[in-house]
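**Q** fold the following, please.
(chains A and B)
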Number of protein chains: 2
Amino acid sequence: MKKFSKNEIDAFIGFMDFSKVEGGLVPMIAQDYKTNEVLMLAYANEEAVRETLKTGIACYYSRSRKRLWKKGEESGHFQEVQQIFVDCYKDTILLKVKQNVAACHTGYYSCFHREYINGELKVHGEPCFNPNEVYKK
Amino acid sequence: MKKFSKNEIDAFIGFMDFSKVEGGLVPMIAQDYKTNEVLMLAYANEEAVRETLKTGIACYYSRSRKRLWKKGEESGHFQEVQQIFVDCYKDTILLKVKQNVAACHTGYYSCFHREYINGELKVHGEPCFNPNEVYKK
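**A** Got it, this is the predicted structure:
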């Protein structure tokens, strides 16, 4: 798990451009650190990026709930950050993570488990867990 | 190269939710179809998604230029779409592409060629081309 010091976090925040998406957000992509499978995309504000770098656990900003959202806070399906990359415009973050159980709230390992083929969204693979058992609320 | 019919494109547009990012946009991630390396993230509006599915070449919406942007239109570094995936909320697209030459305008194969380590953005790999020779304007 990759954690950063206060000074390193300040420097990283200084590099980033949070102005491109309404609300001071950057898209943050989570990718499996071993297979490179893309797991999900969500958004992060400055506070969420700081929390991610400080703890080594991916933390996003939930636009629907309007608050920080530590991925896995309800399910326990945390993402342990192994490496952090930025794009050429410094307005997008790519996390290579060790995903606990699965990334998608539907039970699949990746949120991108459906491919568009012949006019239909075809599901790849099988669920890793039953959402009804994990999300009790 | 994966192309879709008019009916298939209409159906796909019907699935997608363009309401989440200001301007009717969805983030579109391009990923190398062989290695799964993430190459770039840009945005697409409905028209850009239609163009991508119709032609089989990735087309984005440039927020700075305020127009459709066929990736590679100036450099020739097109992205040939092999597979198209959508996430669980249908508000993000993942393209698996055959990248011609390189994705990044800086010359590197991926826009995510810099890793944050020890307070610095460390470059991985070497450039694939010289931007001064490719972008003449």
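
**Q** now the terminal residues of stretch A:22-31, how far apart.
**A** The first and final residues of stretch A:22-31 sit 24 Å from each other (CA to CA, to the nearest Å).

**Q** for the record, mean pLDDT for it?
**A** Looking at stretch A:22-31 alone, the average pLDDT works out to 97.

**Q** if you count neighbours, what's buried in that stretch?
**A** Along stretch A:22-31, these residues count as buried under the neighbour rule (16 or more other CB atoms under 10 Å in any protein chain shown): A:25-31. Bear in mind the C-beta positions are built from the backbone N, C-alpha and C, glycine included.

**Q** now, which of those lie close to chain B?
**A** Restricting the buried residues of stretch A:22-31 to those adjacent to chain B (criterion: CB under 8 Å from any CB of the partner chain) gives A:27, A:29, A:31.

**Q** who does whatever helix or strand the last one lives in pair up with?
**A** Counting by DSSP states H and E, the element that carries A:Gln31 is strand A:26-32. Strand partners for strand A:26-32, identified by DSSP bridges, are recorded as strand A:38-44 (antiparallel), strand A:93-99 (parallel).

**Q** which parts of chain A are strands?
**A** Here chain A has its strands, by DSSP state E, at A:26-32, A:38-44, A:59-62, A:67-70, A:79-86, A:93-99, A:114-117, A:120-123.

**Q** what about stretch A:130-137 and chain B, touching?
**A** No: looking at stretch A:130-137 against chain B by CB under 8 Å from any CB, there are no contacts, and the closest approach is 10.7 Å.

**Q** for the spatially most central residue of chain A, which non-adjacent residue is spatially closest?
**A** Taking CA atoms, centre = their mean as the criterion, A:Ala30 is the residue nearest the geometric centre of chain A, at 4.5 Å. In space, A:Ala30 comes closest to A:Leu39 once its chain neighbours are excluded; the distance is 4.5 Å by CB to CB, 6 or more residues apart in numbering or on different chains.

**Q** who are the contact partners of the residue nearest to A:Gly72 when sequence neighbours are not counted?
**A** Nearest residue to A:Gly72 in three dimensions, chain neighbours excluded: A:Phe78, at 3.7 Å (CB to CB, 6+ apart). Under the criterion of CB atoms under 8 Å, 6 or more residues apart in numbering or on different chains, the contact list for A:Phe78 reads A:57-58, A:70-72, A:100.

**Q** quick one: contacts for the residue of chain A at minimum distance from chain B?
**A** Closest approach of chain A to chain B (CB to the nearest CB) occurs at A:Asn36, with a separation of 3.4 Å. Contacts for A:Asn36 (CB under 8 Å, 6+ apart) come out as B:31, B:35-38.

**Q** what's opposite A:Val21 in the beta bridge?
**A** For A:Val21, the beta-bridge partners are A:Leu25 (DSSP bridges).

**Q** isn't it right up against B:Gly23?
**A** No: A:Val21 lies out of contact with B:Gly23 (CB atoms under 8 Å); the separation is 10.2 Å.

**Q** from one end of stretch A:60-73 to the other, what's the distance?
**A** When the termini of stretch A:60-73 are compared using CA to CA, they are 11 Å apart.

**Q** name the nearest residue to A:Tyr116, sequence neighbours excluded.
**A** Of all residues not flanking A:Tyr116 in the chain, B:Ile84 sits nearest, at 4.8 Å (CB to CB, 6+ apart).

**Q** ok, now which ones touch the one you found?
**A** Residues counted as contacts of B:Ile84 (CB under 8 Å, 6+ apart) are A:115-116, B:2, B:52-53, B:93-96.

**Q** residues near the nearest residue to A:Val97 once chain neighbours are set aside, how many?
**A** The shortest distance from A:Val97 to any residue that is not its chain neighbour, by CB to CB, 6+ apart, is 3.9 Å, and that residue is A:Gln79. Here the neighbour count serves as a burial measure; for A:Gln79 (other CB atoms under 10 Å in any protein chain shown) it reads 28.
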